[in-house]
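J.: here is my input, please return the structure:
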Amino acid sequence: MAALDDALALWREPVLADLPDRAGPVAGLEARRLEARRTRLAAVLALGRPEEALPELTALAAAHPIDEPLQALRIQALRDAGRTAQALAAYEEVRLVLADRLGAVPGPGLRDLHTGLLRLDRPAPAPPPPADALRAPAAPPRGNLRARLTSFVGRESDIAALREDLARARLVTLLGPGGAGKTRLSQEVAETLAGTWPDGVWLAELAPVDDPDSVAEAVLGALGARETVLRGAGAEELRAAERHAGDPLVRLTEHCSRRRMLLLLDNCEHVIDAAAALADHLLAHCPALTVLATSREPLGVPGEFVRPVGPLPDPMALRLLAERGAAASPGFRIDADAATAAAVAEICQRLDGLPLAIELAAARLRMLGPRQIADRLDDRFRLLTNGSRTVLPRQQTLRAVVDWSWDLLDAPERAVLRRLSVFAGGCALDAAEDVCSVAAADLPAGAGSGGAVDARDVAALLGLLVDKSLVVAAPGDDGEMRYRLLETVGEYAGERLDEAGERAAVERRHLVYFRELARTTEPGLRGGAQREAIDRFRREYENLRTALRHAVAAGDEQEVLCFVLSLSWYWMMRDLRLDARHWADAAAALGPDPFAPPGSPAPSLMERCTDRPPPGTRSSSRKRGGGRG
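T.: Numbering: from 1, shown residues only. Okay, the predicted model is just below:
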């Protein structure tokens, strides 16, 4: 395996960049690289380290969905990691992809693996029920979950993971941005486990609760326990109950303390402190209670297990748009033709795979075609309105969803979030600290003091925004965390940046930071740190292009020249000739046209010998004239 690691470390892209006709050789080399990666991952599994192999296997399987040996390795890794349910879901995904793309069924290797998984997952046969039980009607499950009116698309692996989480933790929080589908996912999971809790699954919707002091009362009402009577209680207990009749938390604790039940606390973010205190109290005093919460930030209670809910992957997002689109416009198909397929793929990608945004876009298919919707997503907050009338107002439009999250931020968090909108492709922590920090003296006239942010506070504020699911944090290829905004959040934050009157100043800070990054990194391209310099330029290339675009738009000739000269070696080494020519032309256009006639003739450097008298001629003439006089 060490030899494979050494060989794979030598790979650099683009492959054979200097060859004009390199498509064929490159394809062969990439196939050999993929085979080497497969062999290495198989070795990792053979060494009994499935968790180590899973991240890379998952990424490779997504990039090569019809590569059966690779898919088999991923399913084997899930099985060896003890994730049988996820392995079965992965096999089903592969089967559907092979059927859709190739019209084929999985090969013998995958089918044998599937058979083995079924044997592992098969429960022991249940004893036959008594004859009386066969005749008796099944009792409905206890609780207050309502029947859903629409299908649930995807999330099979999330459901399987949540079932495991709820089996080992008493408090599980689904964490994700607004519109990610946390509420629906929690209810789907709870419904599959309804038989696990004898006293039922109960949903408490906290979104309508405005007063944190009313959280316990709202949960009590959701459980139908406002007027709970303690059966079998003695006189002393009844007197104690009467004394605490006005305290909803005491009544709620008494109601839950003797019950084995699952409590869903939905939409905790706007009453996060009260919801956390309630969950902590109930879990401490009700040993058979389990809590499943949904929020845009963690509750922060000891023992909490946080399960992030991200956007839908592309296949599931397309499937959701297909189903909701067909419901809104009968006969709609995402594969009707190539133009439709391209448009719906663009819609799902630009909406970040957020289920709510996709459903709002699907509703627009009643009056617009897919291409019309895709072309209008630059103004998505005006386009994606008129959602379901049966949901809360804050879930009826895309703007209302993001407004809800914005309203929960304090002034410094809002300042950092709106300034992050100037980055393209995310940023590192040091870039965020430099660009997002603004002293009070540098704020635009009329701006409040809440926009002032010290550079030393940016890291903590970024952490809070990550916790509140407004900023996505993920490690880059250099191991350092990078921070980015979903496109929908980024567009909203950009609007807020304009409203604050800060765009010009923040874009200038962004330009200066990346000009200096380019200027100081460029010498490394011609020395021993060449690999690090290339990687740094590649990671920040979208930000460099954005800064260069701002410099051109501002007509700042010196800044543009600095960027172009700093990037010229990188463009040459990466074969980015089109970019090099485009930005060089833009820089040249900012200066005077060397071929235009001058405004006034320049003095000649050389003269004809007849233009002036020879030296000494005038003085000789004067002398001769004086002698005659």
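J.: CA atoms for contacts and neighbours, from now on please.
T.: Noted.
J.: show me the shaky parts of this protein.
T.: Applying pLDDT under 70 to the chain picks out residues 1-28, 119-141, 147-149, 225-246, 378-396, 440-450, 594, 598-599, 616-629.
J.: quick check: longest helix of it.
T.: helix 23-46 (DSSP state H).
J.: residue 71 in helix, strand or coil?
T.: Per DSSP: H, G, I helix; E, B strand; the rest coil, the secondary structure class of residue 71 is helix.
J.: any idea what sits nearest it, other than its immediate chain neighbours?
T.: Spatial nearest neighbour of residue 71, chain neighbours left out: residue 61 (5.8 Å); criterion: C-alpha to C-alpha, 6 or more residues apart in numbering.
J.: which residues are contacting the one helix or strand that neighbour maps to?
T.: Assigned by DSSP states H and E, residue 61 falls within helix 50-63. Residues outside helix 50-63 that contact it (C-alpha atoms under 8 Å, 6 or more residues apart in numbering): 41, 44, 45, 67, 70, 71, 73, 74, 77, 78, 80, 81.
J.: just name the closest of those residues to residue 316, please.
T.: residue 71 (18.0 Å; C-alpha to C-alpha).
J.: tell me which strands and helices the longest helix of the chain is in contact with?
T.: If you count contacts as 3 or more C-alpha pairs under 8 Å, 6 or more residues apart in numbering; DSSP states H and E, helix 23-46 packs onto helix 2-9, helix 50-63, helix 68-80.
J.: rewinding a little: wait, which of the contacts of helix 50-63 is closest to residue 476?
T.: residue 41 (21.2 Å).
J.: tell me the contacts of that closest one?
T.: Residue 41 sits next to 53, 57, 73 when contact means C-alpha under 8 Å, 6+ apart.
J.: count of neighbours near the first one?
T.: Looking back up the chat, that one is residue 53. Residue 53 has 20 neighbours, counted by other C-alpha atoms under 10 Å.
J.: got it, and the last one?
T.: Look at residue 73: counted by other C-alpha under 10 Å, it has 24 neighbours.
J.: the helix or strand harbouring residue 570 - contacts with which helices or strands?
T.: Residue 570 belongs to helix 557-573 when assigned by DSSP H and E. With contacts defined as 3+ C-alpha pairs under 8 Å, 6+ apart, the packing partners of helix 557-573 are helix 503-521, helix 541-553, helix 577-590.
J.: okay, those helices in TSV with distance to residue 453 next?
T.: Supplementary listing: those in TSV, determined by distance: least, C-alpha to C-alpha, whole Å:
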stretch	distance to residue 453
helix 503-521	13
helix 541-553	22
helix 577-590	34
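J.: can I get those in TSV including mean neighbour count?
T.: What follows is the helices and strands packed on helix 557-573, written out as TSV (neighbours: other C-alpha atoms under 10 Å):
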stretch	mean neighbour count
helix 503-521	19
helix 541-553	20
helix 577-590	15
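J.: mind listing the helices for the stretch 301-450 of the chain?
T.: In the stretch 301-450 of the chain, the segments counted as helices under DSSP state H, counting those that start in this stretch are 314-328, 338-350, 355-363, 370-375, 380-383, 398-407, 411-420, 429-436.
J.: deepest-packed of these, please.
T.: Among the helices of the stretch 301-450 of the chain, the stretch with the highest mean neighbour count (mean count of other C-alpha atoms under 10 Å) is helix 355-363, at a mean of 25.
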